[in-house]
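*Asks:* whatever this is, show me its structure:
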Amino acid sequence: MSLKKVIACIRRNKAFLITSHTNMEGDALGSELAFYQLLKKLNKSAVIVNEDNLPPEYIFLPRKEKIIKYRDNLTPVRFDCFVTLDCSDLSRTGEVYRLNRVKKPILNIDHHISNNNFGGVNWVEPKASSCSEMVYKLYQAMRVPLDVHSATALYTGIVADTGSFRYSNTSAFTHKAVSKLLKFKLDIPGIYKHIYEDIPYEDMKLLSKILPGMRREAEGKLIWFEVRQKMLRKTFSFDISEYILSFGRAIKGAEVVVLFKENLGVKDEIRMNFRSQGKVDVNKIAQCFGGGGHKTASGATTHGRIDDVRRKVLAKIRENLKGTVPADS
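*Replies:* Below you'll find the model as predicted:
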């Protein structure tokens, strides 16, 4: 669907409810906060409602106080258009989609290849580095001026989803967009430190317990980790999953890395995060287990005993690794 239809949708509606996916990260937050500010600059009414609390590493984001935490007894929100950002499926909003009781039009803006076009207006660009990059295009197309707050939100989202411009989704356009954002004299060291270097001591100790459990298979092309409930007294206060996965990706010869984690508070619910160097499409593997995402970064949540789930998932990965050669060969 063309960007023109997205712009037309924004122009014909007056009030918007904005949301993103559960387990929020930089791109989800950055894109929805920048989109919120775009709407306000257009004199529209907007509210952001999320299933989860703001992760502590993103506490620095401007306008974060505009985000409302979803709850069952939330005061009814009036809106003309329900906007999802960075969601491949409507169910990824958690319970927030239930606020759209009267089935208002859905504007779906996303960059996941697994997006199922659940909206009335769907703008899906799998080649975009991030949803934040797409919102940046929207600012340009609508000729809405950026400011330091919107630029900070967009920059944060792009940095988070490109792994600080290391991943293959980083394009010439990504760098061009960021060059425009940097004109607002963003606090680059401060943003980086908040996202990547403010890990609580307790979480770092936990990380040190997880890494020794790393396993290697398929001639070194498959690396996996697992986190069992008994290792966790609480959820991570900082999302260290990305650190674990990055550690695996950095190993010579590794093609696919997967993290298995038993979710706290839910019996036999297993969260899986996949990363690939590019030769194996982990989006297709994640889809086999009810998830999805990107070719090189995907996730899924399934139910069962962790040993059984791990056995099935690793078998599927080994099947996809046949015929591949290590990344450094």
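*Asks:* all helices of the protein, in order?
*Replies:* Taking DSSP state H, the helices of the chain run over residues 3-12, 26-41, 131-142, 148-161, 172-181, 188-192, 201-210, 241-249, 282-287, 306-321.
*Asks:* and the angle for the fifth one with helix 148-161?
*Replies:* Between the direction of helix 172-181 and that of helix 148-161, the angle (axes from the mean of the first three to the mean of the last three C-alpha atoms, to 10 degrees) works out to 150 degrees.
*Asks:* and helix 172-181, average pLDDT?
*Replies:* If you average the pLDDT over helix 172-181, you get 98.
*Asks:* swap in the last one?
*Replies:* With pLDDT averaged residue by residue, helix 306-321 scores 96.
*Asks:* list the buried residues in that helix.
*Replies:* Across helix 306-321, burial judged by 16 or more other C-beta atoms under 10 Å covers Ile306, Val309, Arg310, Val313, Leu314, Ile317, Asn320, Leu321. For every residue, glycine as well, the C-beta is placed using N, CA and C.
*Asks:* same question for the first one.
*Replies:* Along helix 3-12, the positions that meet the burial threshold by neighbour count (16+ other C-beta under 10 Å) are Val6, Cys9, Ile10.
*Asks:* again with stretch 37-50
*Replies:* Neighbour counts over stretch 37-50 (16+ other C-beta under 10 Å) mark Gln37, Leu38, Leu39, Lys44, Ala46, Val47, Ile48, Val49, Asn50 as buried.
*Asks:* so which two of these are the farthest from each other?
*Replies:* For the buried residues of stretch 37-50, with distances taken as C-beta to C-beta, the pair at the greatest spread is Lys44 and Asn50 (19.1 Å).
*Asks:* in contact with the closest residue to Lys137 other than its chain neighbours, which residues?
*Replies:* Nearest residue to Lys137 in three dimensions, chain neighbours excluded: Leu3, at 6.9 Å (C-beta to C-beta, 6 or more residues apart in numbering). By C-beta atoms under 8 Å, 6 or more residues apart in numbering, the contact set of Leu3 is Trp123, Lys137, Leu138, Ala141.
*Asks:* give me the pLDDT value at Leu3.
*Replies:* Reported pLDDT for Leu3: 92.
*Asks:* gap between it and Thr22?
*Replies:* When distance is defined by C-beta to C-beta, to the nearest Å, Leu3 is 27 Å away from Thr22.
*Asks:* same list (the contacts of Leu3) but as a markdown table, adding distance to Ser179.
*Replies:* Output for the contacts of Leu3, formatted as a markdown table (distance: C-beta to C-beta, whole Å):
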| residue | distance to Ser179 |
| --- | --- |
| Trp123 | 24 |
| Lys137 | 15 |
| Leu138 | 18 |
| Ala141 | 18 |
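*Asks:* name the nearest of those residues relative to Asn115.
*Replies:* Using C-beta to C-beta, Trp123 comes nearest to Asn115 of the contacts of Leu3, at 9.7 Å.
*Asks:* my guess is the closest one contacts Asn115. True?
*Replies:* No. The pair Trp123 / Asn115 is not scored as a contact, 9.7 Å apart, by C-beta atoms under 8 Å.
*Asks:* overlap in contacts, those two.
*Replies:* Shared contacts of Trp123 and Asn115 (C-beta under 8 Å, 6+ apart): Asn108.
*Asks:* what comes into contact with stretch 30-37?
*Replies:* Residues from elsewhere that reach stretch 30-37, judged by C-beta under 8 Å, 6+ apart: 18-20, 46, 48, 50, 61-64, 66-67, 83, 85-86, 109, 130-132, 134-136, 138-139, 147, 149-150, 153-158, 160.
*Asks:* if we use 6 Å, what do you get?
*Replies:* Outside stretch 30-37, the residues within contact range by C-beta atoms under 6 Å, 6 or more residues apart in numbering are 18, 20, 46, 48, 61, 63, 85-86, 131-132, 135, 150, 153-154, 156-157.
*Asks:* what do you get for stretch 114-129?
*Replies:* The contact list for stretch 114-129, computed with C-beta under 6 Å, 6+ apart, reads 1, 5-6, 9, 88-90, 105-111, 113, 134, 162, 169-170, 174, 283, 292-293.
*Asks:* residue contacts, Asp110?
*Replies:* Counting by C-beta under 6 Å, 6+ apart, Asp110 touches Asp86, Cys87, Val124.
*Asks:* what's the ChimeraX line that selects buried ones from the contacts of stretch 114-129?
*Replies:* To isolate the buried ones among those in ChimeraX, judged by 16+ other C-beta under 10 Å, type:
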select :6,9,88,89,90,105,106,107,108,109,110,111,113,134,162,169,170,174,283,292,293
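*Asks:* where does the stretch 1-150 of the chain have low pLDDT?
*Replies:* Applying pLDDT under 70 to the stretch 1-150 of the chain flags residues 1.
*Asks:* quick one: which of the helices of the chain is nearest Tyr97?
*Replies:* Nearest to Tyr97, of these and by C-beta to C-beta, is helix 26-41 at 14.6 Å.
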